[in-house]
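> have a look at this prediction, sequence included:
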Amino acid sequence: MCRTLAAFPTTCLERAKEFKTRLGIFLHKSELGSDTGSVGKFEWGSKHSKESRNFSEDVLGWKESFDLLLSSKHGVAAFHAFLKTEFSEENLEFWLACEEYKKIRSATKLASQAHRIFEEFICSEAPKEVNIDHETRELTRTNLQAATATCFDVAQGKTRTLMEKDSYPRFLKSPAYRDLAAQTSATSASPSNCGPAEPLHT
């Protein structure tokens, strides 16, 4: 629910516009968006017809499950853009940091990275503090005494559940995603008639 506290400088409408802008920039950077970079209008030229179809399948898959969204680099980028408009991007950033952390094989690097992640996301007053309960925070602190690849599993799991039950449904209902899904559905249905897409609704 949108709040009007002074700490939140944007209104609900401005947040929606910001997400639409971020999503447009994201598409442009992925080279699947408008060649002119204009926000609100996506080009699906024949030069990118195959990529467009693949991207269409990707976008439409995001609503099938949260797992599919997180497994898509485009989905993660779009979801992150949406979370920034809700001032809750730290949840996804923490989840991604944990995924990268699990790939570390050096015990020394594990220990140093574990403390960095804890200081950035877990400890009280952390710059990107995630919303977890005190018990989970203290369990994670204890795990740092002998850092392993699984020491953030409980905290990561709870953060993921929070995103899936809270932010993810709002992302799917956002006008920007619904417009994008509608455009990609039309593109998938008529791949031989690829042309400039209609602008996103304002």
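Done, it's in.

> Ala186 and Glu89: what is the separation?
From Ala186 over to Glu89 the distance is 30 Å, taken as CB to CB, to the nearest Å. Any C-beta I mention is one placed from the backbone N, CA and C, and that applies to glycine too.

> burial measure for Glu135, as a count.
By other CB atoms under 10 Å, the residues close to Glu135 number 9.

> in terms of helices and strands, where is it?
Using DSSP states H and E, Glu135 maps to helix 134-143.

> could you do Val76 as well?
Val76 belongs to helix 73-85 when assigned by DSSP H and E.

> and the helix or strand just after that helix, what does it pack onto?
Counting by DSSP H and E, the next helix or strand C-terminal to helix 73-85 is helix 89-101. Helix 89-101 sits against helix 73-85, helix 107-117, helix 153-162, with contacts defined as 3 or more CB pairs under 8 Å, 6 or more residues apart in numbering; DSSP states H and E.

> tell me the buried residues in helix 89-101?
By 16 or more other CB atoms under 10 Å, the buried positions in helix 89-101 come out as 89-95, 97-98, 101.

> helix or strand with the lowest mean pLDDT in the chain?
helix 12-29 (a mean of 55; mean pLDDT, DSSP states H and E).

> returning to that earlier point: show me the contact partners of the helix holding Glu135.
114, 118, 122-124, 150-152, 154-155, 158 (CB atoms under 8 Å, 6 or more residues apart in numbering).

> kindly export it (C-alpha atoms) in CSV.
Listed next in CSV are the C-alpha coordinates belonging to helix 134-143 (Å, rounded to 0.1, in the frame of the first residue of the first chain):
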residue,chain,number,x,y,z
HIS,A,134,15.8,-11.9,15.3
GLU,A,135,16.2,-15.7,15.6
THR,A,136,17.3,-16.0,12.0
ARG,A,137,19.6,-13.1,12.3
GLU,A,138,21.3,-14.6,15.4
LEU,A,139,21.5,-18.1,13.8
THR,A,140,23.2,-16.5,10.8
ARG,A,141,25.6,-14.7,13.1
THR,A,142,26.5,-18.0,14.8
ASN,A,143,27.0,-19.7,11.4
